[in-house]
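Enquirer: Structure, please.
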Amino acid sequence: MCIIDNKRPAVFLDRDGVLTVEKGYVTAKKDMEIFSYVAECIKQIHLKGYYAIVVTNQSGVARGLFTEEILREMNNELIDRTGVDAVFYCPHHPEGKIKQYRCLCHCRKPETGMFEMACKQFNIDIEKSYMVGDRAGDIVVGKNLGVKTVLVDSGYGVLGLEQNVKPDYILDDLRNVINILE
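Expert: Residues are numbered from 1 along each chain as shown. Okay, the predicted model is just below:
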């Protein structure tokens with residue numbers, strides 16, 4: 001899946017509930033509330049030698065709640081304010097109202113398409129990487145990739161485990177993740 005020479009691991013991060021306050025569908029940049037500690041956490045992730053890569057399902061685009069252009073504005077804001085290396089997103093949903101985004105795809109978590117794109121762009125050492133999320137789908141995709149998985153309670157947390165999956169770690173929020181990175 002990923003080339004493993006010139007290695008550098010990644011901490012893959014879900015957006016809502018991990019980096020930003022979980023509000024359901026955030027439809028405008030002004031409504032995206034980034035946790036106050038995130039920029040410092042990203043700095044610490046980088047200091048430990050990891051990429052910080054956001055991987056986020058954003059079906060609000062397919063549902064017609066906001067445009068892909070607005071989503072890109074939110075992604076740029078997230079990069080500017082937190083220092084994450086990149087944001088990979090899936091705008092699709094099989095029941096979307098917008099025809100061009102209504103589909104089953106390989107990028108929507110728990111599928112691995114966004115991670116494959118990140119690995120190509122950043123040459124990630126997947127075997128030493130982590131997936132941090134607040135829902136079962138985040139943990140499932142991490143298990144599918146063979147990375148260590150972290151469920152954080154800053155979003156849906158344990159309540160978001162709508163499937164029977166077992167994360168490697170359950171932590172309060174992103175600040176606690178720094179302590180487990182090797």
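Enquirer: and Val152, how many residues sit next to it?
Expert: 26 (other C-beta atoms under 10 Å). (C-beta placed from N, C-alpha, C; glycine too.)
Enquirer: same thing with Asn75?
Expert: 21.
Enquirer: That one and Phe88 touch, don't they?
Expert: No. Using C-beta atoms under 8 Å, Asn75 is not in contact with Phe88; the gap is 9.1 Å.
Enquirer: Can you work out which residues contact both of these two?
Expert: Val54 (C-beta atoms under 8 Å, 6 or more residues apart in numbering).
Enquirer: same for the strand ranked longest in the chain, what does it pack against?
Expert: Determined from DSSP state E, the single longest strand within the chain is strand 51-57. In terms of contacts (3 or more C-beta pairs under 8 Å, 6 or more residues apart in numbering; DSSP states H and E), strand 51-57 is packed against strand 10-13, helix 38-47, helix 68-82, strand 86-90, helix 113-122.
Enquirer: so how far is the fourth one off the chain centroid?
Expert: Spelled out, it's strand 86-90. Averaging C-alpha positions (C-alpha atoms, centre = their mean, to the nearest Å) puts strand 86-90 8 Å from its chain's average.
Enquirer: Torsion angles phi and psi at the residue at the greatest distance from the centre of the chain?
Expert: Farthest-out residue of the chain from its mean C-alpha position, per C-alpha atoms, centre = their mean: Lys99, at 24.8 Å. Per-residue torsions, Lys99: phi -50, psi -50 (degrees, to the nearest 10).
Enquirer: Give the residue spans of this protein that score low on pLDDT.
Expert: Applying pLDDT under 70 to the chain picks out residues 1-5, 159-161, 163.
Enquirer: Determine how far the last residue of stretch 45-53 lies from the first.
Expert: Taking C-alpha to C-alpha, to the nearest Å, stretch 45-53 runs 10 Å from one end to the other.
Enquirer: Would you mark the buried spots in that stretch?
Expert: Across stretch 45-53, burial judged by 16 or more other C-beta atoms under 10 Å covers Ile45, Tyr50, Tyr51, Ala52, Ile53.
Enquirer: Contacts only, for Phe29.
Expert: One correction, residue 29 is Lys, not Phe. Contacts for Lys29 (C-beta under 8 Å, 6+ apart) come out as Ile70, Glu73, Met74, Glu77.
Enquirer: And for Cys41?
Expert: Applying C-beta under 8 Å, 6+ apart to Cys41 gives the contacts Leu174, Arg175, Val177, Ile178.
Enquirer: quick one: it from Leu71, how far?
Expert: According to C-beta to C-beta, to the nearest Å, Cys41 and Leu71 sit 23 Å apart.
Enquirer: can you check Thr20 too?
Expert: From Thr20 to Leu71 the distance is 13 Å (C-beta to C-beta).
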